[in-house]
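Engineer: sharing a model prediction with you, sequence too.
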Amino acid sequence: MISVAQALDQIFALLTPLGSESVALRHASGRVLAADATARRDQPPFDASQMDGYALRDGDLQAGAPLKIIGEAAAGHAFGGLVGPGEAVRIFTGAPVPKGADRVVMQEDTALSGGMLTVSGNADRSRHIRKQGGDFAIGDHVPKGRVLRPADLMLLASMNIPEVPVVRRPVVAILSTGDELVMPGECPAPDQIIASNAVGLATLAESVGAIARILPLARDTVKSLEACLALAEGADLVVTSGGASVGDHDLLAQAAKQLGLDQAFYKVAMRPGKPLMAGRMRGTPMIGLPGNPVSTMVCGTIFMQPALRFLGGHAAAPAPRSLASLAAPLPENGPREHYMRAMLLPDGRVRAADRQDSSLQKVLSEADALIVRPVGDLPRSIGETVEIVKI
Ligand code: AMP
Ligand code: MG
């Protein structure tokens, strides 16, 4: 059996980051920039006033004599003339500083009398001018590979770049298998259960930017599995749940092999999730998850989400981990990496749920994190630090 880290590496090895598409800035949040985006203009595009006040020449500030006001400059309304000696222009924040003027004096440092402007002797000495290109200049760029955040999108808008090339969103086809399954909302027979894995996996996938396609339920026959798997055509990744164990009805591997599955691995030293498999089926990467809902979701978090992020242009990285202090002791761990469902307390400490069976969906719903227990980890006591994956 391979380790979780080895399995994840082998999954990354099956994948190639997708190509790019051009999208409007409004749809680019969280996407990965596929090429440098280069500013088409300076910002500000002219020397701009930082204040409401008066634009004038340095020489006149020293002289201190009253100045004639020859015009006005407001944002979007430049003053077209020249500010000469003995002259000033009324100016507002964001307006281009007129030719001839060296500075803007704040209106609080001036007085008007008889239509003439006097600058107070102790006026603030700064120029109150934002220099052309002081924010960014033509040729400055947002680099390829950047994960676009709202502040980046604002910058790109200001650079007058209305759309950007980003890595395409991966399409994941999700297949649930099992004779006992009916869709949520249907009337199950007494021996049937509701297929809950698909909605969990689809929303996990969407939360990392993928497009999820839920396929029809497959029955536990090779024929049905093959028919449903064929519907995954065109997807960038196929994720199945169930049918991956060694029971008489676990026929997924058989069906996938008949469809040309080139299996990279089967079985991972983890709990929950041991009967995990991955490979490539007619060129399409595939991850086969165990059917127990908690196993499905833990493996979805530990393998599917990193795989989708990688396809979408992000770095090949495992699910992010952080550290937390234990609020309750933990027993020794066995030979498989254990992802224990756990609650985060208001004080930031973490406590494992009492029941860890991989079929318990309510326990998973009440959990905030998975405590990651390394293989053979010793018993841990209150106050010790453990690694967690927030869910
Ligand atoms: P399997 O991996 O097919 O042996 O399934 C393991 C357990 O998970 C069985 O109890 C199944 O009934 C259950 N199970 C399988 N698929 C789903 C699903 N899509 N939703 C909910 N439970 C499932
Ligand atoms: Mg099954």
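Structural biologist: It's in. Because the structure is predicted, anything quoted here is derived from the model rather than measured. Ligands and ions are numbered 1, 2, ... in the order given.
Engineer: send the alpha carbons of stretch 148-164 over as PDB?
Structural biologist: In PDB, the C-alpha atoms belonging to stretch 148-164 read as follows (Å, rounded to 0.1, in the frame of the first residue of the first chain):
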ATOM      1  CA  LEU A 148      -6.500  36.700  -9.200                       C
ATOM      2  CA  ARG A 149      -7.900  38.400  -6.100                       C
ATOM      3  CA  PRO A 150     -10.400  41.300  -6.000                       C
ATOM      4  CA  ALA A 151      -7.500  43.800  -5.600                       C
ATOM      5  CA  ASP A 152      -5.700  42.400  -8.700                       C
ATOM      6  CA  LEU A 153      -8.900  42.700 -10.700                       C
ATOM      7  CA  MET A 154      -9.300  46.300  -9.700                       C
ATOM      8  CA  LEU A 155      -5.700  46.900 -10.800                       C
ATOM      9  CA  LEU A 156      -6.300  45.200 -14.100                       C
ATOM     10  CA  ALA A 157      -9.400  47.300 -14.700                       C
ATOM     11  CA  SER A 158      -7.400  50.400 -14.000                       C
ATOM     12  CA  MET A 159      -4.800  49.200 -16.500                       C
ATOM     13  CA  ASN A 160      -7.800  49.300 -19.000                       C
ATOM     14  CA  ILE A 161      -7.600  45.500 -19.500                       C
ATOM     15  CA  PRO A 162     -11.300  44.400 -19.600                       C
ATOM     16  CA  GLU A 163     -10.700  40.700 -20.100                       C
ATOM     17  CA  VAL A 164      -7.800  38.400 -19.200                       C
END
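Engineer: got a list of contacts for that stretch?
Structural biologist: The set of residues external to stretch 148-164 that reach it, using Cβ atoms under 8 Å, 6 or more residues apart in numbering, is 22-26, 28-34, 37-41, 43, 135-136, 140, 142, 146, 166. All C-beta atoms are positioned from the backbone trio N, CA, C, and that covers glycine.
Engineer: try stretch 250-260
Structural biologist: Identification of contacts with stretch 250-260 by Cβ under 8 Å, 6+ apart yields 177, 220-222, 225-226, 229-230, 240, 242-244, 261, 263, 266, 277, 279, 281-282, 286, 288.
Engineer: list the buried residues in that stretch.
Structural biologist: Within stretch 250-260, the residues scored as buried using 16 or more other Cβ atoms under 10 Å are 250, 251, 252, 253, 255, 256, 259.
Engineer: let's see which of the residues you listed end up in helices.
Structural biologist: Secondary structure from DSSP state H places 252, 253, 255, 256 of the buried residues of stretch 250-260 in helices.
Engineer: pLDDT wise, what is the first one at?
Structural biologist: Model confidence at residue 252, expressed as pLDDT, equals 90.
Engineer: next one: the third one
Structural biologist: Per-residue confidence (pLDDT) for residue 255: 89.
Engineer: what distance do you get for it to residue 220?
Structural biologist: Between residue 255 and residue 220 the distance is 10 Å, computed by Cβ to Cβ, to the nearest Å.
Engineer: from ligand 1, how far out is the closest residue to residue 46 other than its chain neighbours?
Structural biologist: Leaving aside its sequence neighbours, residue 46 sits nearest to residue 96 (Cβ to Cβ, 6 or more residues apart in numbering; 4.3 Å). Here the distance between residue 96 and ligand 1 works out to 64 Å (Cβ to the nearest ligand atom, to the nearest Å).
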